[in-house]
Structures are given as structure tokens and as C-alpha cells.
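> Got a predicted model here, sequence first, then my questions.
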Amino acid sequence: FIVTDGVFSMDGDIADLNKITELAEQYNANIFVDECHATGFIGASGRGTPELFGVADKIDVVNSTLGKALGGGTGGYTTGRKEVIEILRQRSRPYLFSNSVAPAVVGASLKVFDMLSSGSELRDNLVRNTTAFRKGMKAAGFTISGHDDCPIAPIMVGDAKLASVFADEMMKKNIYVIGFSFPVVPKGQARIRVQLSASHTLDQIQYAIDSFTEIGKEVGLLK
């Protein structure tokens, strides 16, 4: 098996599934993709990185969550060939020793899947917000890690203490972001991890950019 995340949660990078599928064909390997940070918003209809790259028919196993973008808070799923799923049902310890997903979560998740299948308004809003935030922050002078289409937008700070102070100052402006540092990310690569939402308005996005810029100058990250 070749195992990869679809979207990497701390960097905002998107796995190049075109190259990965080529590698799998070269070595006759199966592909497992963890889509927990891609389901619901990556790809034209939110079906994740396999849809984004047009290689859904070449992915053998997809694992994802009913939380995060889908909003369920708990639960998840694995999809693949019948034979693979039957083996997991018999041998997978996380499955065997897990409780059932709560009925309310199941019902809400089915509704979210219906929403994703019937329209793209929420995803379109998220794409708009992601583009506005990333462009605005780069124009202000910040370094943002990851793919330009990814709503996980890490603002690179470098110093761990500065990242923590920065996040605290943002909270004073009613903007909740988290500073991440070692051992979650490599030493010297501390960051403020921003997650855009479809529910944000463009006014809120601009307020966030203005607040980042103001504090960035106050703490010496921006000139």
C-alpha cells in the first residue's frame, strides 16, 4: 500500500495524487488516502482529493470523518472494495472496539451528504473566502503555507513564543486562532493555523486580514 493524507492538516498542502497513482501503477501497489481534512470541500462537489485530480477510480481505500467539514463531531467511515471492507470488519481493532455512531450523528451526516450532492453553494462560499483570505494576507506581506485552494491557511511565524503571543492578541479582537509550535510542527516553523469557513462573510475575512496586519506590525513580524 501507498498511504497518504489527501490534505495535510498542519501545512495546508494537497497530495499530488497524479504522481502517487503513477507510482502505484509502476510498483503494482494499492493506494490508501486519508481524507479527513478534504471531505466536503476539496473537489468540484466536495468528494475530496481523488475528485480534484480525477483519479477516484484509481484509489483503493478512502478513510474519512463525519466530523470537521461535515459537522458531525464524531464518527467516520472507510470505503473500498467489498473484500477490503470485509477484512476490516473482521480484523480492524479500531472498528471492533468502537461504539456505534449516535443516531443523531448518522441522521445529520446523511443530510450533509444530501446537501453536498444537491448543490455547491456552501463549497462555493468557502472557495471565495479561501481565495480572499490567502490573497489578502499575501498582499499584506505574510507567508502562508500550503496550496492556494486549501482553506487550512497556516500563517508562518517561526518563533514559538511569538506565535502564542500573536494568537492571544488576535483573541482580544474576537478572532480565535491557534498558535502551533514544536513538537506539533518542526522547530523554527511555528505558525498561526487559520481555518476558513463557508459561513464567514467577506467583511469578516477583511476584518481578519486587517487585524492580522495590525498585530503583525505591532509584534515586529511585518515591517
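Good, I have the coordinates.
> Tell me how far Y207 lies from S145.
22 Å (C-beta to C-beta, to the nearest Å). Placement of C-beta: from N, CA and C, glycine included.
> Tell me which of the two has more neighbours.
A side-by-side neighbour count of Y207 and S145, using other C-beta atoms under 10 Å, places S145 first with 19 against 15.
> Run a quick neighbour tally on the closest residue in space to A29 that isn't next to it in sequence.
What sits nearest to A29 in space, not counting adjacent residues and going by C-beta to C-beta, 6 or more residues apart in numbering, is I2, at 5.1 Å. Neighbour count for I2, taken as other C-beta under 10 Å: 14.
> who touches the top helix by length along the chain?
Criterion DSSP state H: the longest helix present in the chain is helix 121-140. Outside of helix 121-140, the residues that reach it under the criterion C-beta atoms under 8 Å, 6 or more residues apart in numbering are 40-41, 45-46, 115-116, 144, 148-151, 153, 155, 194, 196-200, 202, 205-206, 208-209, 212-213, 216, 222.
> In this structure, which residue is most central in space?
If you average the C-alpha coordinates of the chain and look for the closest C-alpha using C-alpha atoms, centre = their mean, you land on H37, 3.3 Å from that point.
> which residue packs closest to that residue, ignoring adjacent ones?
Closest residue to H37 in three dimensions, ignoring its sequence neighbours and counting by C-beta to C-beta, 6+ apart: V7, at 4.1 Å.
> count of neighbours near that neighbour?
V7 has 27 neighbouring residues, counting by other C-beta under 10 Å.
> what separates it from V33, distance-wise?
When distances are taken as C-beta to C-beta, V7 and V33 turn out to be 10 Å apart.
> Generate a ChimeraX selection restricted to the buried subset of the contacts of helix 121-140.
Taking 16 or more other C-beta atoms under 10 Å as the burial criterion, the selection of buried members of the contacts of helix 121-140 in ChimeraX is written as:
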select :40,41,46,115,116,144,149,150,151,153,155,194,196,198,200,205,208,209,212,213,216
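> now, which of the contacts of helix 121-140 lie within strands?
For the contacts of helix 121-140, membership in strands holds for 153, 155, 194, with DSSP state E as the criterion.
> Would you mind measuring the gap between the ends of stretch 65-79?
Across its full length, stretch 65-79 reaches 11 Å between end residues, using C-alpha to C-alpha, to the nearest Å.
> what comes into contact with it?
The contact list for stretch 65-79, computed with C-beta under 8 Å, 6+ apart, reads 36-37, 39-41, 46, 61-64, 85, 88, 101-102, 105-106, 108-109, 112-113.
> Now intersect these with the helices, please.
Among the contacts of stretch 65-79, the members that lie in helices (by DSSP H) are 85, 88, 105-106, 108-109, 112-113.
> Of the residues you listed, which qualify as buried by neighbour count?
By neighbour count, with 16+ other C-beta under 10 Å, the ones in helices among the contacts of stretch 65-79 hold 88, 105, 108-109, 112 as buried.
> Would you format these as a markdown table with distance to G73 and pLDDT included?
Listed next are these as a markdown table, based on distance: C-beta to C-beta, whole Å; pLDDT from 0 to 100:
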| residue | distance to G73 | pLDDT |
| --- | --- | --- |
| L88 | 23 | 90 |
| V105 | 7 | 90 |
| A108 | 9 | 91 |
| S109 | 10 | 91 |
| V112 | 12 | 90 |
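> In CSV: those residues, plus distance to F133.
Formatted as CSV, the entries for those read as follows, by distance: C-beta to C-beta, whole Å:
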residue, distance to F133
L88, 38
V105, 30
A108, 27
S109, 27
V112, 23
